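>>> A predicted structure for the sequence below; I have some questions about it.
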Amino acid sequence: MMSPREWLAIAVLAAAAIASWYLSQPSSDEEISTPATGQSHRGYYLKSARILGTGPDGTLLYELEALEAEQLDQDRIAFTDVHLDYSPQSDVPWSVNADLATIYADEQVVLLEGQVRAISREGFAGSETEIRTEYLEIYPEEFLAETDERVQIRIGERSLTATGMLASLQDNQVKLKSNVRGKFAP
């Protein structure tokens, strides 16, 4: 037979269990909260991504391949281990590689960062040309590449370094902005 004290302990424990169950249930007038877009959901994520950039008339302008692509917010996509080629119809003989790329939805520019390397077999002065920098902006529709960072250019056996550059990839012309230094072999 149980003592009144044991009955009281069982009643208190049962009341505590019922109260904790009741408090853990959502109330009927409580709204279900969902995170706002962009706060916890970051968009899509792709492996082995291939993006086709088109010109104003809808023709293929360039192809960007990346190891990974991630939508960072509604207007911005980030790529890693990037390779960019112009389409054969554009007659631009340049191929560009970089560690990272960013494309904004409302801008007509591809921002490249980290060990950027642009190569052309028909580059400046008709010689194989290589451009190296840490940051490069490519304007695909204008066939322009620009940076304000340090740039190293190798044209055949010649090499130049400068701070800043504007290159017309379609015309194979380059303008170096400042601090130009060169090494020319005979």
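Received, thanks. These numbers were taken from a predicted model, which means no experiment stands behind them.
>>> so residue 133 bridges to which residues?
Counting by DSSP bridges, residue 133 is bridged to residue 116, residue 151.
>>> so how far is residue 154 from it?
Applying Cβ to Cβ, to the nearest Å, the value for residue 133 to residue 154 is 12 Å. Every C-beta, even on glycine, is put in place using the N, C-alpha and C of the backbone.
>>> I'd assumed residue 133 was in contact with residue 149.
Yes - assessed by Cβ atoms under 8 Å, residue 149 is found in contact with residue 133 at 5.3 Å.
>>> With neighbour numbers in mind, choose between those two.
Per other Cβ atoms under 10 Å, whichever of residue 149 and residue 133 has more neighbours is residue 133, with 24 against 14.
>>> any idea which residue sits dead centre in the chain?
With distances taken as Cα atoms, centre = their mean, the residue of the chain nearest its centroid is residue 78 (2.0 Å).
>>> In terms of secondary structure, what does the helix or strand hosting that residue contact?
Using DSSP states H and E, residue 78 falls within strand 76-86. The contact analysis (3 or more Cβ pairs under 8 Å, 6 or more residues apart in numbering; DSSP states H and E) places strand 76-86 against strand 45-54, strand 60-73, strand 94-104, strand 110-120.
>>> I'd like those strands laid out as CSV, including mean pLDDT.
CSV is the format used below for these (pLDDT from 0 to 100):
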stretch, mean pLDDT
strand 45-54, 88
strand 60-73, 91
strand 94-104, 94
strand 110-120, 94
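>>> Can I get these in CSV including distance to residue 129?
Listed next are the helices and strands packed on strand 76-86 as CSV, based on distance: least, Cβ to Cβ, whole Å:
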stretch, distance to residue 129
strand 45-54, 22
strand 60-73, 18
strand 94-104, 9
strand 110-120, 5
